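Asker: only geometry, no sequence info:
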């Protein structure tokens with residue numbers, strides 16, 4: 001090939017000797033001559049030097065004859081190459097910053113988990129004038145040195161504030177034990193106010209649970225070529241509690257209003273003796289909230305996880321005023337006698353993608369909906385909630401989309417595949433995929449709700465019947 005090129009070019013421009021010298025770091029590419037190319041070579045051929053130039057350049061092939069590159073061509077090529085390198089360096093710098101921020105966030109999750117688990121945030125939030133690390137350690141019954149280090153790290157992550165205590169007559173004392181720490185109103189809302197709309201420690205608890213099982217997920221998931229994973233039970237209590245606390249505000253404060261704002265759902269629940277089925281209810285927060293909001297309806301919470309159902313029943317026992325709700329420890333596929341009479345509304349909050357067979361589950365939901373051809377108001381509806389996200393992966397390059405994909409999706413995949421499921425993951429039911437699955441399951445109507453207050457960055461909400 002080198003001989004062929006030499007015969008095409010003039011001997012003064014490309015002696016065979018020079019081509020042999022360059023053989024190790026030159027490759028062929030049929031792309032046309034770029035930035036001047038070769039004076040005598042066919043226009044279908046271009047040389048790419050290992051340095052990355054798009055053609056031949058002065059530094060690579062000089063000295064060249066007057067039939068080679070002109071000085072203006074070389075200058076344009078060099079300038080273009082320099083711009084490319086500068087752009088690449090900017091991209092490397094930007095990505096490095098993003099990754100370092102992500103790593104900092106991973107450390108922050110550890111700090112949040114520790115502070116939440118040990119009650120350090122709540123103890124500090126309850127101190128009107130703050131505390132020294134020694135006072136905080138004593139109050140929380142923790143080792144002082146660990147608490148000192150934790151406090152310093154929390155300040156660096158803006159989780160709390162600090163100042164040096166001034167000792168009388170001696171100026172400032174820089175010993176850490178003499179520092180006073182406190183939390184601002186915003187810090188308290190995000191880190192210490194359980195159940196508040198800004199509270200984030202539930203998410204940290206769930207992410208920590210995920211981190212603990214990552215090595216097992218690698219061995220029993222990624223490296224298991226024939227399928228496999230970790231069951232929901234194996235993710236542990238932190239995962240159960242973390243999910244409930246993370247979604248608590250949505251389920252308690254938003255879900256009932258979402259249901260009432262959708263005309264088809266409100267119409268279905270206006271029927272006498274309306275029935276609601278809550279699939280994958282977990283600790284029952286959604287079930288209890290809906291039962292309280294619609295007292296004339298009968299509500300059934302369904303979940304195969306025994307620990308979750310035990311927690312739901314315990315919470316129900318603390319609410320003696322609720323008589324219209326019950327919890328069943330079983331999966332959707334085992335609904336059995338409960339399906340008699342059908343349901344006016346079926347709720348599936350962040351669970352369809354977790355189920356062993358999402359298609360069959362949707363098909364079963366369709367059959368469970370109460371229908372009466374004589375009255376439009378009797379048509380039941382499925383309200384299907386999936387994590388926030390787009391069909392286009394690039395549109396998920398924002399803070400919530402990225403967290404949902406990376407922080408949640410892998411757990412959803414492994415719990416599904418552990419049961420021989422499809423492993424759709426948290427982003428396996430984005431709008432286009434969800435509609436295709438719904439149509440395949442026999443639903444005649446599919447709509448994504450776009451205007452529900454507070455849903456935009458929490459959930460994709462689909463209404464089916």
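Answerer: All right, it came through fine. Here the structure is a predicted model, which means the values were calculated and not measured.

Asker: shaky segments in the stretch 51-200 of the chain?
Answerer: Applying pLDDT under 70 to the stretch 51-200 of the chain flags residues 51-74, 166-177.

Asker: where exactly do the helices run in it?
Answerer: For the stretch 51-200 of the chain, the helices defined by DSSP state H, counting those that start in this stretch cover 58-61, 71-117, 120-125, 133-140, 144-156, 185-191.

Asker: Return the list of helices and strands in contact with the fifth one.
Answerer: With contacts defined as 3 or more CB pairs under 8 Å, 6 or more residues apart in numbering; DSSP states H and E, the secondary structure elements packing on helix 144-156 are helix 71-117, helix 133-140, strand 161-164, strand 179-182. In short, each C-beta sits where N, CA and C put it, glycine included.

Asker: Next, the angle from the longest one to helix 133-140.
Answerer: Read that as helix 71-117. Relative orientation of helix 71-117 versus helix 133-140 (axes from the mean of the first three to the mean of the last three CA atoms, to 10 degrees): 50 degrees.

Asker: If you count contacts, what does helix 71-117 end up packed against?
Answerer: For helix 71-117, the elements it packs on are helix 144-156, helix 185-191, helix 201-217, judged by 3+ CB pairs under 8 Å, 6+ apart.

Asker: want to throw these into TSV with mean neighbour count and distance to residue 309?
Answerer: Putting the helices and strands packed on helix 71-117 into TSV (neighbours: other CB atoms under 10 Å; distance: least, CB to CB, whole Å) gives the following:
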stretch	mean neighbour count	distance to residue 309
helix 144-156	18	36
helix 185-191	17	30
helix 201-217	19	19
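
Asker: As JSON lines, these with distance to residue 385 would be great.
Answerer: Output for the helices and strands packed on helix 71-117, formatted as JSON lines (distance: least, CB to CB, whole Å):
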{"stretch": "helix 144-156", "distance to residue 385": "34"}
{"stretch": "helix 185-191", "distance to residue 385": "24"}
{"stretch": "helix 201-217", "distance to residue 385": "17"}
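
Asker: Can you check which of those helices gets nearest to residue 99?
Answerer: Using CB to CB as the measure, helix 201-217 is the one of the helices and strands packed on helix 71-117 that comes nearest residue 99, at 17.1 Å.

Asker: how far is that closest one from where the chain is centred?
Answerer: 13 Å (CA atoms, centre = their mean, to the nearest Å).

Asker: Show me what counts as buried in the next helix or strand after that helix.
Answerer: Scanning forward in sequence from helix 201-217 by DSSP states H and E, the next helix or strand is helix 232-235. For helix 232-235, burial by neighbour count (16 or more other CB atoms under 10 Å) applies to 232, 233, 235.

Asker: got it, and stretch 431-439?
Answerer: Those would be 433, 434, 435, 437, 438, for stretch 431-439 by 16+ other CB under 10 Å.

Asker: Any idea how many residues pack against the closest residue to residue 457 other than its chain neighbours?
Answerer: Spatial nearest neighbour of residue 457, excluding adjacent residues (CB to CB, 6 or more residues apart in numbering): residue 400 at 4.7 Å. Number of residues near residue 400 (other CB atoms under 10 Å) recorded here: 14.

Asker: Check the one 3 residues further on too.
Answerer: Other residues near residue 403 number 17, with proximity taken as other CB under 10 Å.

Asker: Just the pLDDT for residue 305.
Answerer: For residue 305, the pLDDT comes out at 94.

Asker: I'd like the distance between it and residue 462.
Answerer: To residue 462, residue 305 is 24 Å away according to CB to CB, to the nearest Å.

Asker: picking up where we left off before, indicate which one of the helices of the stretch 51-200 of the chain is closest to residue 224.
Answerer: That would be helix 71-117 among the helices of the stretch 51-200 of the chain, by CB to CB, at 25.7 Å.

Asker: just to revisit the earlier point, residue 288: which of the helices and strands packed on helix 144-156 is closest?
Answerer: Closest approach to residue 288 among the helices and strands packed on helix 144-156 (CB to CB): helix 71-117, 23.2 Å.

Asker: Now distance to residue 450 too, for the helices of the stretch 51-200 of the chain, in a markdown table please.
Answerer: Listed next are the helices of the stretch 51-200 of the chain as a markdown table, based on distance: least, CB to CB, whole Å:
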| stretch | distance to residue 450 |
| --- | --- |
| helix 58-61 | 56 |
| helix 71-117 | 29 |
| helix 120-125 | 36 |
| helix 133-140 | 45 |
| helix 144-156 | 39 |
| helix 185-191 | 28 |
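
Asker: Go through these and pick out the most buried.
Answerer: Highest mean neighbour count among the helices of the stretch 51-200 of the chain (mean count of other CB atoms under 10 Å): helix 120-125, with a mean of 22.

Asker: can you give me the helices for the stretch 251-400 of the chain?
Answerer: Under DSSP H, counting those that start in this stretch, the stretch 251-400 of the chain gives helices at 255-261, 263-269, 285-293, 306-317, 358-368, 399-403.

Asker: quick one: which of those is nearest residue 139?
Answerer: Closest to residue 139 of the helices of the stretch 251-400 of the chain, according to CB to CB: helix 306-317, at 28.7 Å.

Asker: The closest one versus helix 285-293: what angle between them?
Answerer: 30 degrees.

Asker: How far off centre is helix 306-317?
Answerer: When distances are taken as CA atoms, centre = their mean, helix 306-317 is centred 27 Å away from the chain's centroid.

Asker: contacting residues around residue 155?
Answerer: Residue 155 sits next to 161, 162, 181 when contact means CB atoms under 8 Å, 6 or more residues apart in numbering.

Asker: contacting residues around the second one?
Answerer: When contacts are counted by CB under 8 Å, 6+ apart, residue 162 touches 151, 155, 179, 180, 181, 182.

Asker: Show me what the fourth one bridges to in the sheet.
Answerer: Right, the one you point to is residue 180. Counting by DSSP bridges, residue 180 forms beta bridges with residue 132, residue 163.

Asker: any idea how far residue 137 is from it?
Answerer: For residue 180 relative to residue 137 (CB to CB), the value is 14 Å.

Asker: follow-up on the earlier one: which of the contacts of residue 162 sit farthest apart?
Answerer: Farthest apart among these by CB to CB are 155 and 180. That separation is 11.5 Å.

Asker: with the buried residues of stretch 431-439 in mind, which one is nearest to residue 116?
Answerer: residue 434 (33.5 Å).

Asker: Make sure the closest one is actually in contact with residue 460.
Answerer: Yes: Residue 434 is in contact with residue 460 according to CB atoms under 8 Å; the separation is 7.2 Å.
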